[in-house]
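Chemist: Pasting a predicted model and its sequence here:
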Amino acid sequence: MVVTIAFGRADIWYVTAFLSVAIALGVALSLAAVALEELSFRRYPRIKDLINLCGLAIVENFGYRQLSSWWRFRGTVSALRRKTGWGELERKGFLPAATSGEDTHG
């Protein structure tokens, strides 16, 4: 889809319809999951919590799912390249760095 759009070979009406249907199905799937969760377990005693959850089920389809797909794609590429580990991480503590000769353990 992206390549077709990049080369100008996609019909704008088709692209708009495709994206609209994809987002509508994503919203429907998220709302169905919330409904099944509520019907099965009744974990949200306040209606406000359920309304917030439904709102988030709609909002997640506009950005978060795409970002999550990007992270999964990068993870798949890393796995195929057999890249392991997180890279070099610098440890940082909550306390200021101790000068030489000080006891930081109390």
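Modeler: Arrived safely. Numbers count the residues shown, from 1 in each chain.
Chemist: Could you say which helix or strand holds L36?
Modeler: Assessed by DSSP states H and E, L36 sits inside helix 12-41.
Chemist: Tell me what angle the helix or strand following that helix forms with helix 12-41.
Modeler: Next helix or strand after helix 12-41 toward the C-terminus (DSSP H and E): helix 47-59. For helix 47-59 against helix 12-41, the angle by axes from the mean of the first three to the mean of the last three Cα atoms, to 10 degrees is 150 degrees.
Chemist: So what's the model's average confidence on the helix holding L36?
Modeler: Averaged over helix 12-41, pLDDT sits at 94.
Chemist: who does that helix touch, helix- and strand-wise?
Modeler: helix 47-59 (3 or more Cβ pairs under 8 Å, 6 or more residues apart in numbering; DSSP states H and E). C-beta: built from backbone N, CA, C; applies to glycine.
Chemist: Not counting stretch 26-34 itself, show me its contacts.
Modeler: L50, L53, C54, A57, I58, E60, N61, R65 (Cβ atoms under 8 Å, 6 or more residues apart in numbering).
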